[in-house]
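Chemist: got a predicted structure here, sequence first:
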Amino acid sequence: MRRTDVDQMLRGMGWKGFLEWMAFTSTEPLGDRRMDALFAMLCAVLANINRDPKRRSKAFEPKDFMPQWGGPPAPTRKQTPKEQWANWMLILGDHAELLKQSKARRVKSRLEGAK
């Protein structure tokens, strides 16, 4: 396998050649951007294989999985308290049931202590 000396290549490249490479990389991604595009295609294929057409009629596209590095953050909406609670229950998983049981024991103990 032949290795390329990038410094030597840049020293031998004129401004016009550099601009041509910049134009080429904007249409044909290289390196990490290319890997992001390839993985986005793979994710779209996998998502479409497992997609339930009744729940999502539109097929996934690679752009749905393409990371947007350095762009503006995606718009978010404020969650309702009910949604926040549901998310906490998902995060806590099995611990949520333990919290409910613990709270029930504390309430029962207070009620018994009040007698």
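Modeler: Arrived safely, thanks for sending.
Chemist: all helices for this protein, in order.
Modeler: Secondary structure of the chain (DSSP state H): helices at 6-12, 15-27, 31-49, 81-92, 94-113.
Chemist: run through the neighbouring helices and strands of the longest one.
Modeler: The helices and strands touching helix 94-113, judged by 3 or more C-beta pairs under 8 Å, 6 or more residues apart in numbering; DSSP states H and E, are helix 81-92. To be clear about C-beta, it is placed using only N, CA and C from the backbone, and glycine gets the same treatment.
Chemist: now the helix it packs on: how far from the chain's centre is it?
Modeler: Relative to its chain's centre, helix 81-92 lies at 20 Å (C-alpha atoms, centre = their mean, to the nearest Å).
Chemist: same deal with stretch 52-67?
Modeler: Relative to the centre of its chain, stretch 52-67 is centred 14 Å away, using C-alpha atoms, centre = their mean.
Chemist: check which residues of the lowest-mean-pLDDT helix or strand in the chain are buried.
Modeler: In the chain, no helix or strand scores lower on mean pLDDT, DSSP states H and E than helix 94-113, which sits at a mean of 78. The neighbour-count check on helix 94-113 (16 or more other C-beta atoms under 10 Å) flags nothing as buried.
Chemist: stretch 18-34 too?
Modeler: With burial defined by 16+ other C-beta under 10 Å, not one residue of stretch 18-34 is counted as buried.
Chemist: and it, end to end?
Modeler: By C-alpha to C-alpha, to the nearest Å, the extent of stretch 18-34 from end to end equals 20 Å.
Chemist: run through who's touching that stretch.
Modeler: L10, M13, D36, A37 (C-beta atoms under 8 Å, 6 or more residues apart in numbering).
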